[in-house]
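Trainee: Give the three-dimensional model of this entry:
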Amino acid sequence: MEKRLEQKHRALLEEAERQSIAPTDNIRACFELLALTGAIDRDCAVRLARHRLSEGKFVLMFLLHDKPDGLSPHELAARAGVTRATITGLLDGLERDGFIARRAGLDDRRKIAVILTPVGQEMASDLFREHAQWVASLFEGFTVNERKTLSGLLQRVWRNLDAANRRLGPDVDGSG
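Mentor: Got it, this is the predicted structure:
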């Protein structure tokens, strides 16, 4: 697993070992998790890029998939967890590629509704199925108990992270 660690993590790990300042097995486990999540993110980006999509654009298409009347840009931003400025750029790209259309709202013509075009609807359906199968394949061969164990271990890391952030005070986690 050592060769899969990023160079910066290998350097930090070597220095931690040299100085004996913390349990290096714990540090290594964290860096292995970071390397894995980075590899999954990169693979996801490559898979979506084949369709001229980013993860953000894919999420918007998924959110619109079963909304024939569409959603407002504000609703999309809230549901996707992005800012209004970010949503504008994502929608511009999706519209340019023919996946979405903006139209006046049904109840109030001053409001904009974003809808999937037929091309976008087909892409969203096909891509969601493909993406879900890929994500599920990452845990192929795991037993139910192994997945539960992994989930429990990850929850312990989350609790440790939350506790460390509480010790440091407000604004550490970026939420306020």
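Trainee: Give me the neighbour count for residue 45.
Mentor: A count of nearby residues for residue 45, using other CB atoms under 10 Å, gives 12. Just so you know, the C-beta spots here come from the backbone N, C-alpha and C atoms, and that holds for glycine as well.
Trainee: helices and strands around whichever strand or helix holds it, which ones?
Mentor: In this assignment (DSSP states H and E), residue 45 forms part of helix 24-49. Applying 3 or more CB pairs under 8 Å, 6 or more residues apart in numbering; DSSP states H and E, one finds that helix 24-49 contacts helix 7-19, helix 55-64, helix 118-137.
Trainee: Check those for me and report the most buried one.
Mentor: Between the helices and strands packed on helix 24-49, the one whose residues have the most neighbours on average, counting mean count of other CB atoms under 10 Å, is helix 55-64 (a mean of 20).
Trainee: which parts of the helix or strand that contains residue 165 are buried?
Mentor: Residue 165 belongs to helix 144-168 when elements are defined using DSSP H and E. Buried residues in helix 144-168, counted by 16 or more other CB atoms under 10 Å: none are found.
Trainee: now the angle from it to helix 24-49?
Mentor: Orientation of helix 144-168 against helix 24-49 (axes from the mean of the first three to the mean of the last three CA atoms, to 10 degrees) gives an angle of 110 degrees.
Trainee: least reliable of the helices and strands packed on helix 24-49 going by mean pLDDT?
Mentor: Mean pLDDT across those is lowest at helix 7-19; the value there is a mean of 90.
Trainee: which residues touch it?
Mentor: The contact list for helix 7-19, computed with CB atoms under 8 Å, 6 or more residues apart in numbering, reads 2, 5, 22, 24, 27-28, 31, 34-35.
Trainee: so what are the domain limits for the protein?
Mentor: Taking automatic domain parsing as the criterion, the chain consists of the domains 1-50, 52-167.
Trainee: if we look at stretch 147-160, which residues are touching it?
Mentor: Contacts of stretch 147-160 with the rest of the structure, by CB under 8 Å, 6+ apart, involve 33, 139, 142.
Trainee: Next up, the contacts around the second one.
Mentor: Applying CB under 8 Å, 6+ apart, we find residue 139 in contact with residue 147.
Trainee: helix/strand/coil for it?
Mentor: Taking DSSP: H, G, I helix; E, B strand; the rest coil as the rule, one finds residue 139 in the coil state.
Trainee: And for residue 27, the neighbour number?
Mentor: For residue 27, the neighbour count with other CB under 10 Å is 16.
Trainee: circling back: average pLDDT for the helix holding residue 165?
Mentor: Per-residue scores along helix 144-168 average to 95.
Trainee: do stretch 45-53 as well
Mentor: Throughout stretch 45-53, pLDDT has a mean value of 94.
Trainee: That stretch: which residues count as buried?
Mentor: With burial defined by 16+ other CB under 10 Å, the residues of stretch 45-53 counted as buried are 47-48, 53.
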